[in-house]
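In: Structure here, sequence nowhere to be found:
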């Protein structure tokens, strides 16, 4: 049992790190003028195909089950449009207008929004501990966006706006598919959502027209975003839920902004000042506290 728990923790922490490192990889591509829609559309399409083939080989029934219910199809389309596609568009746009570390840290405010949703949906007043975690998260964000100079922004208003939207999108990405994931295979849901989203974006922006001229290192960055940051990361995340509780998985998600910051410093020459580090650590500690203190969200309605 202990070995399975350690394996689950390794998978969850590894998935978070892969998501984090893929941020600087995408930032590198944007700095070399790779189109946002080309990156997202192609990686979602190819990622959906690979996950779909995996499901087809492993369990064809699980792959096709979602299409046997009109309600499930509606939920899948809603998740694809307002969850999968929206979150990736907003997150990568935040990376493009700021940097991967800032985008990931700002996105990490999503648990605060989820907590607020739980309070409203269950009609329960947040606990004192909840107010403390919200206050700490706001303090950490304030330090990141002002670098300790409370009267002025250290990032552009545009980056702040997209960062806050990234947090909202990440919260929606978590909350919207809860009914689907309670009734259908998580990998199958992800495969169909990526595939449908990728097809939609490809119809609008075909990846084979005006394709960017990728250098050797740009191909390496793109391959990492596709293979490790899209396919492996999501599969590892879902498999980890077999071995450890969702609260533990949420705690290990702290490795995502850590991975983004470390990769940004090592490979993108990102420089963080003292107050940015303090603010980021406060947000990480806050979300860790929430993972331990916050009760599980109510089950999705039938």
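Out: Structure's in. What do you need? Predicted, not measured: the structure shown is a model, and the values here were computed from it.
In: looking at it, residue 176 is touching residue 77, isn't it?
Out: No. Look at residue 176 against residue 77 with CB atoms under 8 Å: they stay out of range, at 10.8 Å. Any C-beta I mention is one placed from the backbone N, CA and C, and that applies to glycine too.
In: Among the two, which residue is more densely surrounded?
Out: Set residue 176 next to residue 77 and count neighbours by other CB atoms under 10 Å: residue 176 wins out with 19 against 13.
In: Torsion angles phi and psi at the more buried one?
Out: phi -60, psi -40 (degrees, to the nearest 10).
In: cool, and residue 205?
Out: Phi and psi for residue 205, reported as degrees, to the nearest 10, are phi -140, psi 80.
In: on that earlier part again, overlap in contacts of residue 176 and residue 77?
Out: Common neighbours of residue 176 and residue 77 (criterion: CB atoms under 8 Å, 6 or more residues apart in numbering): none identified.
In: Name the next helix or strand following the helix or strand of the chain with the lowest mean pLDDT along the chain.
Out: One helix or strand of the chain scores below all others by mean pLDDT, DSSP states H and E: helix 246-252, with a mean of 58. For helix 246-252, the following helix or strand on the C-terminal side (DSSP states H and E) is helix 255-267.
In: where does the stretch 201-302 of the chain dip in pLDDT?
Out: 238, 241-242, 245-254, 257-258, 268, 270, 287-288, 290-302 (pLDDT under 70).
In: can you pull out the strands in this structure?
Out: For the chain, applying DSSP state E gives no strands.
In: excluding its backbone neighbours, what's nearest the most centrally placed residue in it?
Out: For the chain, the residue sitting closest to the mean C-alpha position, by CA atoms, centre = their mean, is residue 170 at 6.0 Å. Spatially, and ignoring its direct neighbours in sequence, residue 170 is nearest to residue 110 (3.7 Å; CB to CB, 6 or more residues apart in numbering).
In: correct me, but the one you found touches residue 174?
Out: Yes. Using CB under 8 Å, residue 110 is in contact with residue 174, at 6.8 Å.
In: the more surrounded of these two?
Out: Counted by other CB under 10 Å, residue 110 and residue 174 do not tie: residue 110 has more neighbours, with 22 against 19.
In: Pull up the gap between that one and residue 191, please.
Out: As judged by CB to CB, to the nearest Å, residue 110 and residue 191 stand 23 Å apart.
In: now residue 164
Out: 30 Å.
In: For the two, indicate the residue with more neighbours.
Out: Per other CB under 10 Å, whichever of residue 164 and residue 191 has more neighbours is residue 191, with 25 against 18.
In: now the angle from the helix ranked longest in the chain to helix 255-267?
Out: The longest helix of the chain (DSSP state H) is helix 2-31. With axes from the mean of the first three to the mean of the last three CA atoms, to 10 degrees defining the directions, helix 2-31 sits at 50 degrees from helix 255-267.
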